[in-house]
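Student: need a 3D model of the following:
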Amino acid sequence: QVQLVESGGGLVQAGGSLRLTCTGTGPNFYLRVMGWFRQAPGKEREFVARTNWSGGGAAYADSVKGRFTMSRDNGKNRVYLQMNSLTPEDTAVYFCAAAPVGETTQLLLPSDVDAWGQGAQVTVSS
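Tutor: Predicted structure coming up:
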């Protein structure tokens, strides 16, 4: 079973940038589709981005397209989320997510996720 740990959250002013890092432990990390979700207070957890096994095939929610970039380094068992031009609407807890090993899921829904990180708070002030 994979374990995921996020880092890199924090407080930033609107227009600023942050980079989240998710480090995975356990076998076959490179065979998992990986993604990021977020959950704002009082709202449901929502898809943000995902990338396939090799780091290609990235997909993004419309709300972050053109501002966020997801990448991965399978040699380090890490995925990253570079967030630029942040707005207060991006304030949320961000969760790293792993799909089951070997599955080519779209990883668009929380029900597609096999393992979650503990979450990283991102707060954007206006």
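Student: which parts of stretch 100-112 are buried?
Tutor: 101, 105, 107, 112 (16 or more other Cβ atoms under 10 Å). Glycine gets a C-beta too; all of them are placed from N, C-alpha and C.
Student: ok, so of these, who is nearest residue 126?
Tutor: residue 107 (31.1 Å; Cβ to Cβ).
Student: centroid-nearest residue for this structure?
Tutor: What sits nearest the mean C-alpha location of the chain, by Cα atoms, centre = their mean, is residue 36, with 2.1 Å.
Student: check which helix or strand the nearest residue to that residue once chain neighbours are set aside maps to.
Tutor: Once flanking residues are discounted, residue 36 sits nearest to residue 48: 4.3 Å by Cβ to Cβ, 6 or more residues apart in numbering. Secondary structure from DSSP states H and E places residue 48 in strand 46-51.
Student: that older thread, gap between the residue nearest to the centre of the chain and residue 126?
Tutor: Computed as Cβ to Cβ, to the nearest Å, the residue 36 to residue 126 distance reads 23 Å.
Student: before we move on, back to that, and the strand holding residue 48, which residues are buried?
Tutor: Those would be 47-51, for strand 46-51 by 16+ other Cβ under 10 Å.
Student: can you check stretch 84-93 too?
Tutor: 86, 90-93.
Student: may I have it exported as CSV, CA atoms only?
Tutor: The C-alpha coordinates for stretch 84-93 follow below in CSV (Å, rounded to 0.1, in the frame of the first residue of the first chain):
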residue,chain,number,x,y,z
ASN,A,84,0.7,30.4,-10.2
SER,A,85,-1.5,33.4,-10.3
LEU,A,86,-3.3,32.2,-7.1
THR,A,87,-6.6,33.8,-6.1
PRO,A,88,-8.6,33.6,-2.9
GLU,A,89,-10.9,31.1,-4.6
ASP,A,90,-7.9,28.7,-4.6
THR,A,91,-7.9,28.6,-0.8
ALA,A,92,-8.4,25.0,0.3
VAL,A,93,-6.8,21.9,1.7
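Student: contacting residues for residue 123?
Tutor: Going by Cβ atoms under 8 Å, 6 or more residues apart in numbering, residue 123 touches 10-12, 91.
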